[in-house]
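Engineer: Coordinates for the following, if possible.
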Amino acid sequence: MAARITGLVLDCHDPDRLAEFWCAVLGYEVIGHEPDGLELGLPGVPLGDGPPTLVLARTDHPRRGKLPLHVDVNPVGGDQDAELRRLLALGARPADVGQDGTESWVVLQDPEGNEFCLLRKELGTD
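Structural biologist: Residues are numbered from 1 along each chain as shown. You can find the predicted model right below:
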């Protein structure tokens, strides 16, 4: 018997604003409304059959320091440079978490400052 990650929860101040960003980044839609937030996922995909959903949970407590867990995203249908330009246009910002410039990934922040990494490899390629 094993468990599977079916959802990730991200505390945030403005779930609606962050939902716009993450839906555009991931191709997700709002699939659930919670009392204090929103659940994002691929439309029409039953829970557990696709990638994890993303729950944006409203909080008034400020985050302190670097996130202990972050999301990695890969380009789909393009290269890292094109995807970086797209993510920056959506509202992502470069983030410095101590990288030295030799990494093959790019560290970014979403509009609320949550770090995530854009990896180099396009999905579906070797």
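Engineer: tell me the contacts of Ala95?
Structural biologist: Val107, Leu108, Gln109, Gly113, Glu115 (CB atoms under 8 Å, 6 or more residues apart in numbering). C-betas here are computed from N, CA, C, even on glycine.
Engineer: Domain-wise, how is this structure divided?
Structural biologist: 1-60, 69-126 (automatic domain parsing).
Engineer: Name the surrounding residues that touch stretch 13-25.
Structural biologist: 10, 12, 28-30, 36-38, 40, 54, 56-60, 73, 87, 90-92, 110-112.
Engineer: now for the helix or strand containing Ala82, which elements pack on it?
Structural biologist: If you go by DSSP states H and E, Ala82 is part of helix 80-90. Contact here means 3 or more CB pairs under 8 Å, 6 or more residues apart in numbering; DSSP states H and E; on that basis helix 80-90 packs against helix 15-26, strand 106-109, strand 115-118.
Engineer: any low-confidence regions in this protein?
Structural biologist: 122-126 (pLDDT under 70).
Engineer: same thing but at 90, please
Structural biologist: The chain contains residues with pLDDT under 90 at 1-5, 34-35, 46-50, 61-70, 76-78, 97-99, 101, 120-126.
Engineer: Select only the buried ones of the contacts of stretch 13-25 in ChimeraX?
Structural biologist: Listed next is the ChimeraX selection for buried residues among the contacts of stretch 13-25, using 16 or more other CB atoms under 10 Å:
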select :10,12,28,30,37,38,40,54,56,58,73,87,91,92,110,111,112
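Engineer: What residues sit buried inside the helix holding Ala82?
Structural biologist: Residues Gln80, Glu83, Leu84, Leu87 are the ones in helix 80-90 that count as buried (16+ other CB under 10 Å).
Engineer: need the contact list for the third one.
Structural biologist: With contact set as CB under 8 Å, 6+ apart, Leu84 has these partners: Val106, Leu118.
Engineer: how much space between it and His70?
Structural biologist: Going from Leu84 to His70 by CB to CB, to the nearest Å gives 16 Å.
Engineer: got it, and the second one?
Structural biologist: Summarising the geometry, the distance separating Glu83 from His70, computed by CB to CB, is 17 Å.
Engineer: That concludes my questions; thank you for your assistance.
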